[in-house]
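Student: Sharing a model prediction with you, sequence too.
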Amino acid sequence: MPKSISGWSEKFKKKDVEWLAVWLGGLLFIWLWLFFFLNSPARIKIETAFFNTFVIAFLSTIMTLILAWLHALVVYFSKRESPLLEQLSDIVISIWRALPQILGLLFGYILLVYLQQDHQMSRPLVLFFLALTVALVIFPELGDLLLERISYFQKSDFFDAMRVSGVRDGHIINYDILYKNSRVHILNKLIAIFGMTFFLLISVDFIVSVGLSRSVNLVNMPKTLGNVLAHIDSKQDILAIGRVVTRPDLLFDLFFTHLQGVSVAAIIVFSLFSLYKISLHFSRRLEM
């Protein structure tokens, strides 16, 4: 391979890592700007909101992997052991898949609000509940990938040779197929799921926060980027962006006077774009 093509290829392969560095660097820049130009209570609110959003998305991604892995094992062994169990699992997953993801999350929020009306849940438990809610509506997508990988290797001589050698099906599926030969594909899907979780969580949290009544506002809901963006101060800051269209002289004031809403919106948009780029370039590197 010519040196120029080889160098371009190596540079292309690192695009996902570069975008990860860009994302982290951009977040650090925004935090430094907030540290110097935003009052401490508002800055701490944004820091807490980002931390909670990140934790929920991360936990949800891990739970999605666990649920999808269990789902793949149930489907595989039910096909071999019980046709009735296979049909039942297909029906349940098909019905669950037909439910729109955002609607499933809204039901989860309604259940959380109902549970907290009589008894205040601890903050870690609320974060765990929200992460589990997101994972429950997303895991079928990863489950499809795992089943595709299992089906792919089942058609090869490798699978039959392992079984003839006396290796248990559970070991073949869990270790040889999913872990040893599919972990890069799974990681690629998990990156995309993390970004999807980030988006869904912020969207539903914003919708719920805008629509909450005064009585429900008292419920112990954790701060996230979605509900901070829905706060009246942030909404006024976002509206100020629209005024810049007719009054360009106010542009400079956005980054000082209306910093809370603008910074939250910037974190959301920048994070979603960066996560998309990381997932995109990791997928392309996987194809090369």
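Tutor: Yep, it's here.
Student: I'd guessed residue 198 sits against residue 273; true?
Tutor: No. Using Cβ atoms under 8 Å, residue 198 is not in contact with residue 273; the gap is 11.2 Å. Every C-beta, even on glycine, is put in place using the N, C-alpha and C of the backbone.
Student: neighbour count winner among those two?
Tutor: residue 198 (23 against 15; other Cβ atoms under 10 Å).
Student: which secondary structure element contains that one?
Tutor: helix 183-211 (DSSP states H and E).
Student: which of the residues in that helix are buried?
Tutor: By neighbour count with 16 or more other Cβ atoms under 10 Å, helix 183-211 contains the buried residues 185-186, 188-202, 204-209.
Student: now swap in stretch 120-127 and tell me
Tutor: By 16+ other Cβ under 10 Å, the buried positions in stretch 120-127 come out as 121, 126, 127.
Student: got the residue ranges for the helices in the chain?
Tutor: With DSSP state H as the criterion, the chain has helices at 3-13, 15-37, 40-81, 83-98, 101-118, 123-154, 157-164, 169-171, 183-211, 214-217, 225-229, 232-246, 251-254, 259-287.
Student: Using CSV, please lay out those together with mean pLDDT.
Tutor: Formatted as CSV, the helices of the chain follow (pLDDT from 0 to 100):
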stretch, mean pLDDT
helix 3-13, 49
helix 15-37, 93
helix 40-81, 93
helix 83-98, 83
helix 101-118, 85
helix 123-154, 93
helix 157-164, 86
helix 169-171, 90
helix 183-211, 88
helix 214-217, 48
helix 225-229, 84
helix 232-246, 67
helix 251-254, 70
helix 259-287, 87
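Student: out of those, nearest to residue 177?
Tutor: helix 123-154 (4.8 Å; Cβ to Cβ).
Student: Mind putting the buried residues of stretch 120-127 into TSV with distance to residue 114?
Tutor: As requested, the buried residues of stretch 120-127 are exported to TSV (distance: Cβ to Cβ, whole Å):
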residue	distance to residue 114
121	11
126	13
127	18
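Student: from the residues you listed, which is closest to residue 164?
Tutor: Closest to residue 164 out of these is residue 127 (47.4 Å), distances taken as Cβ to Cβ.
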